[in-house]
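> Predicted model and sequence below, questions to follow.
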Amino acid sequence: MTTIEELKCMGVTFDDNNLKQCLRQYQIKQRYRELLDISKKLNLDLNSDIVKVSIATIVINYDDIIESGSLEIELMKTMSLRDPIFVKTIKKSNEFKELLYLVGDAVNRRACNK
């Protein structure tokens, strides 16, 4: 029995939008976890802005990257992109803000979403 089926058995109801949104958020969090694990395996400094920017960039482009190559290689290649405009743009993205929340660098979600 899937998680969704279990929740439905407990009386939780989903509409199409609610279900799709929940599944998408779960999928994105799994991608963050996967990339955080890869970063740890590669001994990258998770406190470094460029590492966090690179993780967020990979999450944004995950579907394209997973089809064409290795997440480890793409993470390392992305870290070499140190253009200030690129870094500032990614730091403004919701994906970067969500990553800050997940790694504990954001004080709270409201501060994260401003």
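Okay, I see it. Computed from a predicted structure; not experimentally measured.
> Can you tell me the closest non-neighbouring residue to the residue most central in space within the chain?
When the chain is reduced to its mean C-alpha position, the closest residue under Cα atoms, centre = their mean turns out to be Tyr32, at 3.7 Å. Counting by Cβ to Cβ, 6 or more residues apart in numbering, Tyr32 lies nearest to Leu102, which is 5.5 Å off, once chain neighbours are set aside. (Glycine included, C-beta is placed from N, CA and C.)
> The one you found: neighbour count?
Using other Cβ atoms under 10 Å, Leu102 is surrounded by 16 other residues.
> Now that it has come up, it's in contact with Gln30, right?
No - under the criterion of Cβ atoms under 8 Å, Leu102 lies out of contact with Gln30, with a separation of 11.3 Å.
> Can you spell out which helices and strands pack onto the helix or strand where Arg24 lies?
For Arg24, the enclosing helix or strand under DSSP states H and E is helix 16-41. Applying 3 or more Cβ pairs under 8 Å, 6 or more residues apart in numbering; DSSP states H and E, one finds that helix 16-41 makes contact with helix 49-60, helix 71-79, helix 94-103.
> In this structure Asp45 contacts Val51, no?
Yes - using Cβ under 8 Å as the test, Asp45 is close enough to Val51 to be in contact (6.0 Å).
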